[in-house]
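In: fold the following for me, if possible:
(one chain, ligands or ions: 2)
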Amino acid sequence: MRDQRLPTSPGFWRSPLRGPWFTSVLGLVLLVGITVLFVTGLVSYAAYNPDLSPVNDKTPGKGVLGFYLFSWPTNPVWLYRLTQGVHVTLGITLIPVLLAKLWSVVPKLFALPPARSLAHALERISLLLLVGGALFEFTTGVLNVQLDYVFPGSFYPLHFYGAWVFFAAFVVHAALRVPAAVRNVRRRASAVPEDALGADLVSPRPDPPSVSRRGALWLVGGGSLLLFATSAGRSFDGPLRRTALLAPHGWADPGDGPNGFQINKTAEYAGIRAVETGEEAWRLAVTGPAGTVRLSRGELLRLPQYSAALPIACVEGWSTSEQWWRGVRLRDLAALVGHDDPADVLVESLQRHGAFRRAALSAGQVADGRSLLALSVNGEPLSLDHGYPARVIVPAAPGVLNTKWVARLTFGAL
Ligand SMILES: Nc1nc2c(c(=O)[nH]1)N[C@H]1C(S)=C(S)[C@@H](COP(=O)(O)O)O[C@H]1N2
Ligand SMILES: [Mo]
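Out: Ligands and ions are numbered 1, 2, ... in the order given. Alright, predicted model coming up:
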């Protein structure tokens, strides 16, 4: 018998909770949950117009990994609000399940010998990618939504490549284990035959139980429920938003009134000075095959005005309900500079620094009559923090494409 004080000895692990049933239940929850995370994650990437690189997407050499990309639609207007809300809220909710699952199999990490055969060695390497990939994806995701881009500019490629590595290992693992996991779950929590997959997880000398396996599952589920209840409010306005205790609170207080909804980056943060946005100084430059026209805010207001009720839905998972935006249609501005058929557009902000000072929209997005260069919201001029003198708003698009403090529109440049 090996020294039971060392984690390499099975006798070192004393929890009576460990066993095939507990691990299998958690595993099957993750099977469903992580599949949804992967799909909504790819969808989020597609929504970002990565084909309009290098403006939107700087992910190097995505090549075949971009095979599924499609032109992001503008309907229904809440599409990204839903997919990204699910991605972020589900990811946060699954944290206790992931941690419990890793805890339940941790003795295997220390099992000796490190490899019994070539097949066993390969399997252990795939598990390393699986566990490492899971921790990496959950950590980068949480850091991004909670702490606001700790890796400016590099979050997308990190989270994107990490997802593919993680998911490849996940598929292999699921193919090998799901049938046995289903069998394990059908059995009762206490009845574990010696030959069940994962029977080696059962401690050979368990401590007396302080909670049953079912009770432990309820604890994990309770933890998830608590995270859900304190996160999901980030997808709503008003009193529900206040339940989002876990959503970052470093944001500017949007106040009340027509402009009283979530602000991401304030004008002050973005370095926008009031002198640049005044009626005297600010001109919008619109460029196309017919040349460049410069328009003041007053001139823009004399063009035909249209309204659209659209939400803002950020990649960080928060969103606002639908606000009434009013302004000039992007496709009318395209026509003004010689594009009768809508073209894609490069949007540039007054902002001089920061990742989000420019964005590219597809021709399909420009064609939609609800895609606006908005001048007002909910019946009042835009506030400086929401992008005065003018901002872009596009149905169903990620918030990051709704450029604020617009200075220049270049149609057909991409
Ligand atoms: N110029 C500029 N536009 C910007 C940003 C920015 O930092 N600078 N942030 C974008 C992001 S990430 C989001 S989610 C929305 C948020 O818009 P809001 O602050 O009006 O809610 O603005 C977008 N437009
Ligand atoms: Mo955002």
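In: what about the residue in the chain that ligand 2 sits nearest to, neighbour count?
Out: Going by C-beta to the ion, ligand 2 is nearest to residue 314 of the chain, at 3.3 Å. Bear in mind the C-beta positions are built from the backbone N, C-alpha and C, glycine included. In terms of burial, residue 314 registers 21 neighbours under the definition other C-beta atoms under 10 Å.
In: which parts of this structure sit against ligand 1?
Out: Residues of the chain found near ligand 1 (C-beta under 6 Å from any ligand atom) are 262-265, 270, 312, 314, 349, 351, 354, 356-357, 386, 399-400, 402-405.
In: please report how far the residue of the chain closest to ligand 2 lies from residue 234.
Out: 9 Å (C-beta to C-beta, to the nearest Å).
In: do residue 111 as well
Out: For residue 111, the distance to residue 234 (C-beta to C-beta) stands at 41 Å.
In: does residue 97 count as helix, strand or coil?
Out: Following DSSP: H, G, I helix; E, B strand; the rest coil, the label given to residue 97 is helix.
In: so what's whichever residue of the stretch 301-414 of the chain sits closest to ligand 1 closest to, chain neighbours aside?
Out: Residue nearest to ligand 1 within the stretch 301-414 of the chain: residue 399 (2.5 Å; C-beta to the nearest ligand atom). Nearest residue to residue 399 in three dimensions, chain neighbours excluded: residue 314, at 4.0 Å (C-beta to C-beta, 6 or more residues apart in numbering).
In: tell me the contacts of the one you found?
Out: 84, 264, 398, 399, 400 (C-beta atoms under 8 Å, 6 or more residues apart in numbering).
In: let's see that with 10 Å instead.
Out: 80-81, 84-85, 88, 145, 234, 262, 264, 320, 398-400, 402 (C-beta atoms under 10 Å, 6 or more residues apart in numbering).
In: rewinding a little: quick one: which of the residues of the chain next to ligand 1 sit in helices?
Out: Residues of the residues of the chain next to ligand 1 located in helices (DSSP state H): residue 270.
In: show me what contacts residue 160?
Out: So residue 160 contacts 41, 42, 44, 45, 50, 57, 59, 62, 65, 66 (C-beta under 10 Å, 6+ apart).
In: and ligand 2, which of the residues you listed contact it?
Out: When the contacts of residue 160 are checked against ligand 2 using C-beta under 5 Å from the ion, none falls in range.
In: distance of residue 381 relative to residue 327?
Out: As judged by C-beta to C-beta, residue 381 and residue 327 stand 10 Å apart.
In: who are the contact partners of the nearest residue to residue 369 once chain neighbours are set aside?
Out: Leaving aside its sequence neighbours, residue 369 sits nearest to residue 329 (C-beta to C-beta, 6+ apart; 5.7 Å). Contacts here follow C-beta under 10 Å, 6+ apart; on that basis residue 329 touches 303-306, 308, 335, 342, 366-373.
In: hmm, try it at 7 Å
Out: 306, 369, 371, 372 (C-beta atoms under 7 Å, 6 or more residues apart in numbering).
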